[in-house]
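1. sequence below, structure please.
(one chain, ligands or ions: 2)
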Amino acid sequence: MLKGSFELIGDKSISHRAIMFSSISKGKNKISNFLMGQDCLSTVNCFRKMGVDIEINNNEVYVSGNGLKGLKSFEDKLFLDVGNSGTAIRLMMGILAGQDFKTTIIGDESIGKRPMKRVTDPLKKMGAIISGRDDANLIPITVEGGNLTHIDYHMPVSSAQVKSSLILASLYGDNTSFIHEKMRSRNHTEIMLKSFGADIEVNNLEIKINPVEELFNKDIYVPGDISSAAFIMVGALISENSEVLIKNVGLNDTRVGIIEVIKKMNGNIEIIDEEEICGEKVGNILVKYSPHLIGTTIDKELIPKLIDEIPIIAVLATRAEGDTIIKDASELKIKESNRIKSVVNNLNLIGAKAIELEDGMIIKGKTHLQGGKIQTFNDHRIAMSFSIANLISNNKVILDSDKCIDISFPGYFNLLKKLSK
Ligand SMILES: O=C(O)C1=C[C@@H](OP(=O)(O)O)[C@@H](O)[C@H](O)C1
Ligand SMILES: C=C(OP(=O)(O)O)C(=O)O
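-> Ligands and ions are numbered 1, 2, ... in the order given. Next up, the predicted model:
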């Protein structure tokens with residue numbers, strides 16, 4: 001059973017953006033509740049390497065921005081290392097496209113397999129010179145920035161990383177740019193850049209960006225990460241007699257898909273004390289054990305609102321009455337692991353019944369988890385999802401490795417231990 005309350009750690013997406021946008025703005029600012037996860041620290045290291053003064057003091061970060069074109073070239077032999085982070089590399093390429101120097105980006109084995117053409121193609125159209133393995137699809141990727149044109153681009157995939165990268169490059173363009181989304185993805189970039197003085201207008205799925213001379217730093221408070229809260233929420237929903245209050249959860253409309261799904265599945269979840277801080281909705285969430293969960297279908301518009309939560313939703317679905325069907329989610333195949341395969345194979349391995357689909361999965365409800373040793377593929381979301389499955393398994397669910405959890409949720413096991421009664 002999970003019981004108690006806790007303050008949620010900072011949002012990963014917003015923490016990355018806070019470092020990047022502060023680094024290319026003028027002035028000094030403070031970022032509070034910054035996520036000290038490995039992914040966000042990779043972003044810090046990249047911008048330090050490009051001459052930005054970034055000081056870390058507990059969960060607070062102080063950034064002295066260099067201005068829009070003020071990043072500095074470093075010795076040729078050095079690379080920018082993004083580690084495991086898709087957000088870091090894709091967003092950073094948008095910024096590098098506007099700088100007057102050449103940079104090579106590297107990362108770990110997982111990022112080495114993730115597709116970058118979705119970003120490098122449109123950035124090349126804007127005038128950046130980009131090369132890399134497999135026609136600039138795979139790292140190491142070299143970006144030579146400079147004078148960019150504008151772009152009118154219809155995104156072929158729904159991705160906040162692609163959208164954000166192009167918004168950033170558009171700040172350096174020669175005229176107004178338009179970016180058209182297929183589906184509404186997380187909008188932290190639009191919110192934060194506007195507060196820094198960017199000229200951005202959003203009309204449904206169209207984003208209009210006018211280039212600016214400079215951005216100006218503002219203090220940022222990072223709300224808690226709903227994608228991290230999701231593991232504890234599901235833990236509480238499925239373990240008997242649980243009741244957990246999660247404080248300080250980011251509740252941006254583009255991120256709350258997990259709450260919508262839990263409600264549809266008849267889960268006992270309640271949002272209390274909602275407010276707005278730095279343009280982002282924040283609130284407390286009360287979750288209680290829910291013995292009468294029902295299966296559901298998740299598809300289309302809902303997918304971008306919960307893309308990172310699908311592995312843990314799949315665990316939740318094993319406790320529901322009836323099947324849960326997840327469709328339109330082929331993006332899962334190109335995350336830190338192929339999350340369709342890693343979820344389905346591991347669920348079946350511990351006694352659940354899951355079927356792999358081309359663009360998602362079906363999870364049979366009310367199955368009894370038996371436990372077993374699962375493969376995380378060094379994917380943090382897989383590791384945490386199956387550590388929650390462990391709470392309801394007859395025998396232990398053993399992870400082959402759990403170090404990857406530090407990528408997005410440092411202190412995760414300590415918290416789980418504190419809440420476990
Ligand atoms: O913009 C972001 O911060 C993110 C966007 C999503 O990726 P895509 O843009 O590839 O969908 C998400 O999976 C990732 O964890 C963070
Ligand atoms: C996919 C993820 O992150 P990124 O794309 O930044 O590596 C994630 O955190 O689940």
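2. what stretches of this structure score poorly on pLDDT?
-> Applying pLDDT under 70 to the chain flags the ranges 75-78.
3. so it: which segments form each domain?
-> Per automatic domain parsing, the domain ranges recorded for the chain read 11-219, 226-419.
4. which among those domains is found nearest to residue 4?
-> domain 226-419 (5.0 Å; Cβ to Cβ). Any C-beta I mention is one placed from the backbone N, CA and C, and that applies to glycine too.
5. is ligand 2 within reach of that closest one?
-> Yes. Counting by Cβ under 6 Å from any ligand atom, ligand 2 is contacted by domain 226-419 at 308, 335, 336, 381, 408.
6. farthest-separated two in those?
-> Among these, 335 and 408 lie farthest apart (Cβ to Cβ), at 11.9 Å.
7. is residue 30 in contact with residue 62, as I believe?
-> Yes. If you go by Cβ atoms under 8 Å, residue 30 and residue 62 touch, sitting 5.6 Å apart.
8. the two: who's more crowded?
-> When residue 30 and residue 62 are compared for neighbours, residue 30 comes out ahead with 18 against 15, by other Cβ atoms under 10 Å.
9. need phi/psi at the more buried one.
-> phi -120, psi 130 (degrees, to the nearest 10).
10. what's near enough to touch it?
-> 60, 61, 62, 219, 220 (Cβ atoms under 8 Å, 6 or more residues apart in numbering).
11. up against ligand 1, what does the protein have?
-> Residues of the chain lying near ligand 1 (Cβ under 6 Å from any ligand atom): 13, 86, 87, 159, 160, 161, 164, 186, 307, 308, 331.
12. so residue 143: helix, strand or coil?
-> strand (DSSP: H, G, I helix; E, B strand; the rest coil).
13. which residue sits closest to it, ignoring its sequence neighbours?
-> Leaving aside its sequence neighbours, residue 143 sits nearest to residue 96 (Cβ to Cβ, 6 or more residues apart in numbering; 4.3 Å).
14. anything in contact with each of residue 335 and residue 408?
-> The contact lists of residue 335 and residue 408 share residue 381, where a contact means Cβ under 8 Å, 6+ apart.
15. who has more neighbours, the two?
-> Ranked by neighbour count (other Cβ under 10 Å), residue 335 and residue 408 place residue 408 first, with 26 against 20.
16. you'd agree the more buried one is up against residue 41?
-> No. Using Cβ under 8 Å as the test, residue 408 is too far from residue 41 to be in contact (11.3 Å).
17. and the nearest residue to residue 396 once chain neighbours are set aside, how many neighbours?
-> Spatial nearest neighbour of residue 396, excluding adjacent residues (Cβ to Cβ, 6+ apart): residue 371 at 5.1 Å. Using other Cβ under 10 Å, residue 371 is surrounded by 17 other residues.
18. scan the residues of the chain next to ligand 1 and report the most crowded one.
-> residue 164 (29 neighbours).
19. can I assume it sits in a strand?
-> No. Read with three-state DSSP, residue 164 is helix and lies in no strand.
20. for it, what are its contacts?
-> Counted by Cβ under 8 Å, 6+ apart, residue 164 has contacts 17, 90, 91, 94, 189.
21. for those residues, give me CSV that also has distance to residue 388.
-> Shown next, in CSV, are the contacts of residue 164 (distance: Cβ to Cβ, whole Å):
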residue, distance to residue 388
17, 28
90, 28
91, 29
94, 35
189, 30
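22. distance of the residue in the chain that ligand 2 sits nearest to relative to residue 263?
-> Residue of the chain nearest ligand 2, by Cβ to the nearest ligand atom: residue 86 (2.7 Å). Per Cβ to Cβ, to the nearest Å, residue 86 is found 29 Å from residue 263.
23. would residue 202 count as being in a strand?
-> Yes. Checked against three-state DSSP, residue 202 lies within a strand.
24. beta partners for it?
-> Counting by DSSP bridges, residue 202 forms beta bridges with residue 207.
25. which positions within stretch 158-176 qualify as buried?
-> Within stretch 158-176, the residues scored as buried using 16 or more other Cβ atoms under 10 Å are 158-173.
26. report the distance from that stretch to the chain centre.
-> On the basis of Cα atoms, centre = their mean, to the nearest Å, stretch 158-176 sits 18 Å off its chain's mean C-alpha point.
27. among the residues of the chain next to ligand 1, which are in helices?
-> Mapping the residues of the chain next to ligand 1 onto helices (DSSP state H) picks out 13, 86, 87, 160, 161, 164.
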